[in-house]
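**Q** Curious how this folds, go ahead:
(2 chains, ligands or ions: 1)
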Amino acid sequence: MPKFPTQEWASEYVEKLNSNPAYKDAGKNWEGDITFVIRKDDSFDSDAYLYLDLHHGECRGFKFSMDSSVVPESEFKYVGKYSNWMRLINKEIDPIQGILTGKFKLEGSMMKIMKFTKAAKEMVSTASTVNLE
Amino acid sequence: MWFFRSPSVVFGEDALSFLNTLDFRKIAIITDENIKKAGLLDMLRKDLPEESESMVVSDIPEEPTLSDIKERVAAVREFAPDLVIGLGGGSSMDAAKSIFTLYERPDLDIYDITPMVKLNLRNKSRLILIPTTSGTGSECTWAAVLSDEDHTRKNELASPEIIADYAILDPALVRKLPGGISRNTAVDAITHAVEARSNQWRNYYSDIFAEKAMELITRSLPVVLKDPDNLAAREEVHVGASMAGTAFSNSQIGLAHAMGHSLGAHFRIPHGITVALYLPQVVEFSETEAKDSYHALMMKMPEKYRKGNLADSLREFFRDVGQPLNIKDCNIDESEYRENMESLISLAEESTGGVTNPREASSSQLKILFENVI
Ligand SMILES: [Fe+2]
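**A** Below is the predicted model:
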C-alpha cells in the first residue's frame, strides 16, 4: 500500500482514475493539464508535485517529483499543504469549499474549472480509493 | 471552516425611506424600462436624500451580457457616484453588481471576479440592492449572473465583495406585481430554500434561513395570488424570498437548478418555472440522502399541503398555485424537447448544482429525470 505522496501512490492513482467510468464521463469535454502541488508542513518535510495530463476523460500521462524543475508547466495548479491534502483525500474537505476557505489555491481559470466541478469531484473521490499505508 | 455572509437588511413597510437617512450625494440607479413604467423608479426617487443628485441607467435588458454591462459602465464612471443602487429583478440587480465592480475597478477583467481574487472594492462607492420581485434573492447573494453573447450559457461572477452593503425589502414595490410573475418568482425562491436546506454544503445558518423562507412563502403565496393587495402577505413572500436567497448563497443550489438552467438555455421560459418544474422529481430522486432535511421542510408547509413526503407535498402546493408539473403545461413541444435531450443533459452536467446536490445523478439518471416531466 503506497504512501501519499509517492511515485507508487501516483501511479496507482492514475490507474484508478483511468478505470473510473464516472470520471471518464464527467471529464469527457475537458482539455488541460493540472499539477497537484503538495506543500510541506509539520507532518511532511518536502514539497511534492504530481503533474497530470488530462484529455477527454483520460489521464494520458503523469509525472511525480519532489523537484518542481522536472515537472512540466501546466494550465492549472491545485496547491495546498500536506495536512490539507490528507483531509481532502479522506473527504473531510470538499475540493471547491477548500478553495473558498483558502485551504487550497487554484491557479488557472476558475471559470473554466467551475464547468467541470463534477470531474474535479471524481478526481478527489478516486484519490480516496487509493489505499494508504 | 465555513462562513455566513449577508448584507444588512432593511425590511417592512416604508423600508425605502431608510435611503433618506443616508449621506450619499451622487447616486447611480441601475434599473430597466418595466420598472420605470410601473412607477417604481419614481417611488424610489422620492426617498433619496434631499441634497443628492442622481443618474439613471434604465435600459438593462433581461439576462444581460458582458457587453451590455461594458456599454453602460462608461456613463456611470463619468458621473462618479458614491452610491450604486440596483432596482429591479435579478437582471437589474446582477447588472448593478457588475457595474459597481467595474466602476470601482476599471482595470479588472470581469472574469476575474472569483472568490479567490481580492477585489478591494468600495474605494469610491457603496452598493444597495432593492428587489421589485420576490424570488431571485440576488439582493442577498454574492454572485452575479451574466449571459454569454449568444445567450446559450451563463457565467457566474462570484465574490464576497459584491454582496450589497444593504438590501432593502419594501413590500410596496411588489404590491402591483402581476399574479403570473408573483408565482414564477416565488416558486424559484421555494426551490432555493429546498436546495439550500438539503445541499451537501448546508450548515447551521443556511438551514434556519431556508426553513423560515419555506414557511413564509408556502403560507402567504396562495394568499397573494387570491388577494394581490394583501400587503402583509406580500411582505411575507418578499422577506421569505430574500431569506431563501441568503440560504442558498451560504449553502448551494442543487440539481433542480442545474436542470432548470439547462432547460432555460434551450427554451425561453421564465427561470422560476424551469427550476420548480424539476424540483419534485429531484426531491424524489434525492430522498434517500436528505430524509431529515426534506421532512423539516415539509413540516414548515401549511398542513393542508402535507402529503407524507416533500415531493408530493410540493406537487400539491404547485398544483394549487398553478405552477406547471410537466412540459406540456409549460408550452414546450414534446418532440423538440426529446430532440434536445442530449444537450439538455450535458449542459445540466456542467452546472455546479448537480455536484453538491444531496445525491449525484449519472447521465442516465439525469435522462430519466428529464423524461419524467414529459
Ligand atoms: Fe433560482
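**Q** Name the residues of chain A found near chain B, please.
**A** A:22, A:25-26, A:29, A:94, A:96-97, A:99-101, A:103, A:105-106, A:109-111, A:114-118, A:121 (Cβ under 8 Å from any Cβ of the partner chain). Heads up, the C-betas are built off the backbone N, CA and C, glycines and all.
**Q** Report the buried members of these.
**A** The neighbour count (16 or more other Cβ atoms under 10 Å in any protein chain shown) marks A:22, A:25-26, A:94, A:96-97, A:99-100, A:103, A:106, A:110, A:114-118, A:121 as buried among the residues of chain A next to chain B.
**Q** if you look at these, which of them are in strands?
**A** Judged by DSSP state E, these include residue A:106 as members of strands.
**Q** Show me the buried ones among the residues of chain A next to chain B that map onto helices.
**A** Those of those mapping onto helices are A:22, A:25-26, A:96-97, A:99-100, A:110, A:114, A:117-118, A:121, per DSSP state H.
**Q** Hmm, residue B:161 is touching residue B:119, no?
**A** Yes: in this structure, residue B:161 is within contact of residue B:119 by Cβ atoms under 8 Å, at 4.6 Å.
**Q** who's more crowded, these two?
**A** residue B:161 (20 against 17; other Cβ atoms under 10 Å in any protein chain shown).
**Q** one step back: between residue B:161 and residue B:119, what contacts are shared?
**A** residue B:101 (Cβ atoms under 8 Å, 6 or more residues apart in numbering or on different chains).
**Q** Write out the residues of chain B neighbouring chain A.
**A** B:1-3, B:111, B:114-116, B:155-156, B:200-201, B:346, B:349-350, B:352, B:354-356, B:360, B:362-363.
**Q** One more pass at 6 Å, please.
**A** Taking Cβ under 6 Å from any Cβ of the partner chain as the criterion, chain B approaches chain A at residues B:1, B:111, B:114-115, B:350, B:352, B:355.
**Q** from those residues, which ones fall inside helices?
**A** Among those, DSSP H puts B:350, B:355 in helices.
**Q** Off-centre distance for the lowest-mean-pLDDT helix or strand in chain A?
**A** Within chain A, no helix or strand scores below helix A:110-114, which has a mean of 79 by mean pLDDT, DSSP states H and E. Remark: helix A:110-114 is offset 16 Å from the chain centroid, using Cα atoms, centre = their mean, to the nearest Å.
**Q** Equivalent analysis for stretch B:170-189, please.
**A** The answer for stretch B:170-189 is 12 Å, by Cα atoms, centre = their mean.
**Q** Next, work out how far apart the residue of chain B found nearest chain A and residue B:321 are.
**A** The nearest approach of chain B to chain A comes at residue B:114, 4.0 Å away (Cβ to the nearest Cβ). Distance of residue B:114 to residue B:321, computed by Cβ to Cβ, to the nearest Å: 37 Å.
**Q** Let's test this: mean pLDDT of the helix or strand in which residue A:52 is found, rounded?
**A** Using DSSP states H and E, the element containing residue A:52 is strand A:48-55. Mean pLDDT, strand A:48-55: 96.
**Q** Okay, now the sheet partners of the following helix or strand past it, with direction.
**A** For strand A:48-55, the following helix or strand on the C-terminal side (DSSP H and E) is strand A:58-65. Strand A:58-65 has these partner strands in its sheet, going by DSSP bridges: strand A:48-55 (antiparallel).
**Q** buried set for the partner strand?
**A** A:48-54.
**Q** what's the distance between that strand and the middle of its chain?
**A** Put simply, strand A:48-55 sits 7 Å off its chain's centre (Cα atoms, centre = their mean).
**Q** cool, and stretch A:114-122?
**A** From the chain centre to the centre of stretch A:114-122 is a distance of 12 Å (Cα atoms, centre = their mean).
**Q** swap in stretch B:114-126?
**A** Taking mean C-alpha positions (Cα atoms, centre = their mean), stretch B:114-126 and its chain are 22 Å apart.
**Q** What mean pLDDT does that stretch get?
**A** On average, stretch B:114-126 scores 92.
**Q** And stretch B:24-33, by the same measure?
**A** 98.
**Q** Ends of stretch B:155-167, what's the gap?
**A** Start and end residues of stretch B:155-167 are separated by 23 Å (Cα to Cα, to the nearest Å).
**Q** measure residue B:275 to residue A:131 for me?
**A** As judged by Cβ to Cβ, residue B:275 and residue A:131 stand 41 Å apart.
**Q** the more surrounded of these two?
**A** residue B:275 (30 against 9).
**Q** Let me know the secondary structure of the more buried one.
**A** Counting by DSSP: H, G, I helix; E, B strand; the rest coil, the backbone at residue B:275 sits in helix.
**Q** ok, now residue B:28?
**A** Under three-state DSSP, residue B:28 comes out as strand.
**Q** ok, now residue B:228?
**A** coil.
**Q** and if you look at residue A:79?
**A** With three-state DSSP as the criterion, residue A:79 reads strand.
**Q** So for it, what's the pLDDT?
**A** Predicted confidence (pLDDT) for residue A:79: 96.
**Q** Next one: the nearest residue to residue B:49 once chain neighbours are set aside, what pLDDT does it get?
**A** Excluding the flanking residues, the one nearest residue B:49 by Cβ to Cβ, 6 or more residues apart in numbering or on different chains is residue B:20, at 5.2 Å. Among the per-residue scores, residue B:20 shows a pLDDT of 95.
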